[in-house]
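J.: Quick one: sequence plus predicted model below, questions after.
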Amino acid sequence: MPDNLDAALNPKSIAVVGASDNPHKVGGRPILFMKNYGYQGKVYPINPARAQVQGHKAYPDLADLPEVPDMAIVALAGEGTVQAVEQCAGMGVKVAVILASGYGETGSAGKGVQDAMLARARSAGMRIVGPNSQGLANFGNGAIANFSTIFNDLPNIPGPAAIVSQSGALSQLIYGLLRKRGVGLRHCHATGNEADITVAELAVVVAQDPAVKLLLLYLETVNDPHKLAEAAAIARARDLPVVVLKSGRTPSGQRAASSHTGSMATEDRVVDAFLLHHGLWRAADPDDLVNAAELYLKGWRPRGRRLVAVSNSGATCVMAADMAEEFKLPLTVPAEATRAQLAASLPGFATTTNPIDITGALLSDSSLFGKILQTVGRDAGADLFFVGIPVAGTGYDVEAFARDAADFIAHTGKPLALSVPQAEVAAPFVKLGVPVFGSDRQALRALDQLAAHTALMRRSREPAVAAPVHFDPAAGGKAFLNEADSLALLASNGIAVAPSRLCRSAAEARQALRELGAPVAVKACSSEVPHKSEFGLVALNLAGEAEVAAAFDAQWRQLGQMKVAREGILVAAMVKGQRELALGARVDARFGPVVMVGDGGKYVEALKDFVLLIPPFDADEMIAALAGLHIAPLLHGVRGEPALDLAAVAAIAMRLGEIMQAGRGRIASIDLNPVMVKAKGQGAVVADALIELIQV
């Protein structure tokens, strides 16, 4: 394991600088926890005032140790931390965990001290966790370099979940939520200021631990997306679900004024696209982060999203149907044999359709619960199972219900989520390991997440063989290519563009009209005027030679008055389509190329109806993403209109991604708006294009 990260999670020896005999102080907690959680390595307390600390021989200084420890926990403040880091680096400590705050999070002065510590550590090859970190906790080997109170107040039990968090407080909140659900932890790490070691780096290591079955991440920033992508690839290879809570939903604003794509592809939307691309599920809040934990940990990976809902309440059945539609979980139609078996088991007034209402008959016949579960469990058309028990108790054989549910899980291997709001009714189910939720919505949301995330993790990522990219804009230091050059670059790479002619005189414009046929658009071309409409440099639907010539003369004069480069006037055929879409791409400073597809026209930025994807992606992935648009129903044809040629849209989007990857470091953004999309099978044509270049 490179970069001393093995020593961060599996140290053979640990020094505690600033060790305290008081187990409830920052310098005392790690020593107590290592004892409580069975750490078998050597613990070296550093405290010049004591001969012993919590039963361990104490040493006055790091220099007095009998060996160089793998790890040093620095539980000092101010200058003491700086001196300890200096000493650790000098003697060859592999990892220093800095618990103190008051550094990069406080402003420029603190950041300067933090940077100086990091520089010294790097010069010696030492890694740093923190500063301002709550520390690391590997419960698998008892190496608890962490001072969190919750490990004492809510002791861990051995378990398969792992938390890696930038925030110490959030790591403990997530830990508490899991523990209250009976889920044990294998890892719980907090990186703090991330002067050096990041969440993504630790995630790479934790994802390789075969005992980890669920990985939860909390991120405030994504400083090293390549490492996060590496962790995601490791996780997918071993079918390890990774759920991410990312805060800080603020736009980066990079080139926001230069292009539609730049203004809309904000950092948070790019994060969404990045996580989706790598099979990582994004949670909305801490509760959402852990909501499906028990389902993941059962090892369930459903084949599809078809749902069966069962309840002893008609109202719950109706509400379950409503929520199933909301979550896009199709209620499966039971097979004829299944319906016959249900009819044989249920009273005549019960429903055998889906949702299945057992009715109040459950009170008098407890065996109905198990019979119904067994019957629907055998139906090949069912992937997910929801059971709502809004009320039970005295008179109901809840213990039998719990055994029946556990038996269903053991024999079918299919996902089952119960909604049981009464704690006393839920207890027998929980005791037998049946996933129980406090509300119908939580249960159905968890099933939705499990099914969607499973499909995401199993999506094929075989890279398509891309056609060679032709890229030689000869920009000569310009910030933008003019429209003619932008369209030419696209056309050379196989993207259909509107036929056009670049004219230098009114006579050439007249000739262009005769060659292209009416109507045409007349548009000024200047690399110094990327947005032409606001300056009156676009004229549409011109049909006569006289008006084309007049438009040429007017635009040529306008360019002259603006004192910008007059690179020509473009006369282009007016291409018709069934709908205008907008496509684009830009280079994100952290995540690299990003492709955008959305509703087009002049309101593209106001309506913000678009999706983002990280290349490379395939046509199916692109078309599936379009289902997230508000205009999605229109794409497939309404009121007698034919469906749009989404395959053509996907082909353009994929090619944009390939161009951006090939032109990385040279192309900043590409805007195609409008793209005239025709009926299915008839293609799509770019009517307007703008390519922004990276200045070097």
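T.: Yep, it's here.
J.: For the helix or strand hosting residue 625, list every residue counted as buried.
T.: Using DSSP states H and E, residue 625 sits within helix 619-626. Within helix 619-626, the residues that count as buried by 16 or more other CB atoms under 10 Å are 619, 621-626. Where you see a C-beta, it was placed from the backbone N, CA and C, and this is true even at glycine.
J.: what's the answer for stretch 488-501, then?
T.: For stretch 488-501, the neighbour count (16+ other CB under 10 Å) marks 488-491, 493, 495-501 as buried.
J.: need the contact list for residue 101.
T.: Listed by CB atoms under 8 Å, 6 or more residues apart in numbering, the contact set of residue 101 reads 131-132.
J.: and it, how far is that from residue 16?
T.: Separation of residue 101 from residue 16 (CB to CB, to the nearest Å): 18 Å.
J.: and what of residue 306?
T.: From residue 306 to residue 16 the distance is 55 Å (CB to CB).
J.: Who has more neighbours out of these two?
T.: A direct count of neighbours by other CB atoms under 10 Å for residue 306 and residue 16 places residue 16 higher, at 29 against 19.
J.: The more buried one sits in which helix or strand?
T.: Per DSSP H and E: strand 13-17 holds residue 16.
J.: ok, and what's touching that strand?
T.: So strand 13-17 is contacted by 27, 30-31, 34, 39, 41-46, 53, 62, 65, 67, 69-76, 84, 88, 93, 143, 145 (CB under 8 Å, 6+ apart).
J.: Inside helices: which ones of those residues?
T.: 30-31, 34, 84, 88 (DSSP state H).
J.: Output those in CSV; the columns should cover distance to residue 327 and pLDDT.
T.: Output for the ones in helices among the contacts of strand 13-17, formatted as CSV (distance: CB to CB, whole Å; pLDDT from 0 to 100):
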residue, distance to residue 327, pLDDT
30, 44, 98
31, 48, 98
34, 44, 98
84, 52, 96
88, 51, 98
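J.: Which secondary structure element of the protein has the lowest mean pLDDT?
T.: None of the helices or strands of the chain scores lower by mean pLDDT, DSSP states H and E than helix 260-264, at a mean of 47.
J.: Summarise which helices and strands the following helix or strand past that one is packed against.
T.: Counting by DSSP H and E, the next helix or strand C-terminal to helix 260-264 is helix 267-277. Applying 3 or more CB pairs under 8 Å, 6 or more residues apart in numbering; DSSP states H and E, one finds that helix 267-277 makes contact with helix 225-237, strand 242-246, strand 281-283, strand 610-613.
J.: Can you pull out the low-pLDDT segments for the stretch 201-350 of the chain?
T.: Scanning the stretch 201-350 of the chain for pLDDT under 70 picks out 249-266.
J.: who touches the residue nearest to the spatial centre of the chain in this structure?
T.: Central residue of the chain (CA atoms, centre = their mean): residue 275, 2.7 Å from the mean position. Listed by CB under 8 Å, 6+ apart, the contact set of residue 275 reads 244, 246, 281-282.
J.: Listing partners with orientation, what would you give for the strand holding residue 16?
T.: Next to strand 13-17 in the sheet, as set by DSSP bridges, lie strand 42-46 (parallel), strand 71-74 (parallel).
J.: Would you mind finding the most buried of those strands?
T.: Among the strands paired with strand 13-17, strand 71-74 has the highest mean neighbour count (mean count of other CB atoms under 10 Å), at a mean of 31.
J.: CA atoms only for it, dumped as PDB, please.
T.: Presented in PDB, the C-alpha positions along strand 71-74 are these (Å, rounded to 0.1, in the frame of the first residue of the first chain):
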ATOM      1  CA  MET A  71       2.000   6.500  13.800                       C
ATOM      2  CA  ALA A  72       2.000   9.500  16.100                       C
ATOM      3  CA  ILE A  73      -1.200  11.000  17.500                       C
ATOM      4  CA  VAL A  74      -0.500  14.700  18.200                       C
END
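J.: Show me what it is in contact with.
T.: Applying CB under 8 Å, 6+ apart, the external contacts of strand 71-74 come out as 7-8, 11, 13-18, 30, 62, 81, 84-85, 88, 93-100, 135, 143, 145.
J.: In which helix or strand does the nearest residue to residue 209 once chain neighbours are set aside reside?
T.: Leaving out its chain neighbours, the residue that sits closest to residue 209 by CB to CB, 6 or more residues apart in numbering is residue 186, at 6.6 Å. Per DSSP H and E: residue 186 is located in strand 185-190.
J.: tell me the mean pLDDT over that strand?
T.: Averaging pLDDT along strand 185-190 yields 98.
J.: Would you mind pulling up the elements that it packs against?
T.: When contacts are defined as 3+ CB pairs under 8 Å, 6+ apart, strand 185-190 sits against strand 135-138, strand 158-165, helix 168-180, helix 199-206.
J.: mind running it again at 7 Å?
T.: For strand 185-190, the packing partners by 3 or more CB pairs under 7 Å, 6 or more residues apart in numbering; DSSP states H and E come out as strand 135-138, strand 158-165, helix 168-180.
J.: buried stuff in the second one?
T.: For strand 158-165, a neighbour-count test (16+ other CB under 10 Å) marks 159-165 as buried.
J.: cool, and the longest one?
T.: With burial defined by 16+ other CB under 10 Å, the residues of helix 168-180 counted as buried are 168, 170-175, 177-179.
J.: out of these, who's nearest residue 659?
T.: Distances from residue 659 to the buried residues of helix 168-180, taken as CB to CB, are shortest for residue 170 (39.5 Å).
J.: Contact partners for the closest residue to residue 416 other than its chain neighbours?
T.: Setting aside the residues directly before and after it, residue 416 is nearest to residue 385 in space (CB to CB, 6+ apart), at 4.6 Å. By CB atoms under 7 Å, 6 or more residues apart in numbering, residue 385 lies in contact with 308, 376, 414-416.
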